[in-house]
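Here you go, sequence then predicted model.
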Amino acid sequence: MATSCPGCGQDMAPTQLDAVYGRTVNVDVCPACGAFWFDRNESTVLTPGAVLKLFVVIGERQADRRPLSTSMACPRCRGELKLTFDMQRTTRFSYWRCPAEHGRFTTFAEFLREKNFVRSLSPGELAQLRASVKTVQCGSCGAPIDLEASGVCAYCRAPVSVLDPRQMETVVAQLRQAEAAPHTVDPMVAERLAADRFHVERLFRTLDRPDGGKAPNLIEAGLAALGDLLSSR
């Protein structure tokens, strides 16, 4: 039986992944909400190769997604999920957990933050962004962030963030080394990452939207670099 997405109620797509000690787990994916459901401790037992596979899933699903519901229930027990904050090294990330410990609901952006792919904007970058736009889309939950009022999402408390291609290159290299899979990295990867860094930086100069168009999502704007890097395996 398919797992119902806590965010939208649609059936999630199971993705089989390798876990430690020769096991496998099925992580449920909702492309519409841009989120994963991890049963119990699934997120902590994934092999480095499994984490890379989830990065591929994220890179392939860049379509517009709906904001998350303000109230979400565990797909196992229907108990209300609780917004929870945690730390990975020096990076603060969030997820919605089941109080009965059935699992957790994690957006793509917060999964990337947990794996040190995403960084918060500096005060100077926030000031530069505010000079161009008044509202951005939260990379975590999809809600609008009023930059004039705050630099964090009023709903999920995630700070305005951007995908960091430099850190991304480092983390992917570390995961590949841990997976111990022999392969050659495409020599054009560095050039493509440089181009994507330029694209992300250019957002701060070109985000003026006098026509009142859709609020930008800075994390999704950098996902092209993730796809380029992973396709070089």
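Sure, I can see it.

can you list the weak-confidence ranges in the protein?
Residues of the chain that meet the criterion pLDDT under 70 lie in 61-65, 165, 167-168, 180-233.

Check the secondary structure at the most centrally placed residue in the chain for me.
Note on the chain: the residue nearest the mean C-alpha position is residue 109, at 1.8 Å, using C-alpha atoms, centre = their mean. With DSSP: H, G, I helix; E, B strand; the rest coil as the basis, the three-state label of residue 109 is helix.

quick one: it and residue 150, what's the gap?
Counting by C-beta to C-beta, to the nearest Å, the gap from residue 109 to residue 150 is 17 Å. The C-beta positions use only the backbone N, C-alpha and C, and glycine is treated the same way.

same deal with residue 175?
Taking C-beta to C-beta as the measure, residue 175 falls 34 Å from residue 150.

cool, residue 70 as well?
Remark: distance between residue 70 and residue 150 (C-beta to C-beta) = 18 Å.

Same drill for the two, tell me which one is more crowded.
Between residue 70 and residue 150, counted using other C-beta atoms under 10 Å, residue 150 has the larger neighbour count: 13 against 8.

ok so the more buried one is a strand residue?
No - under three-state DSSP, residue 150 sits outside any strand and is assigned coil.

ok, it - contacts?
Contact partners of residue 150, counting by C-beta atoms under 8 Å, 6 or more residues apart in numbering, are absent.

ok, 10 Å please
Applying C-beta atoms under 10 Å, 6 or more residues apart in numbering, we find residue 150 in contact with 126, 157, 159-160.

Can you report how many residues lie near residue 138?
Here the number of neighbours of residue 138 (other C-beta under 10 Å) works out to 27.
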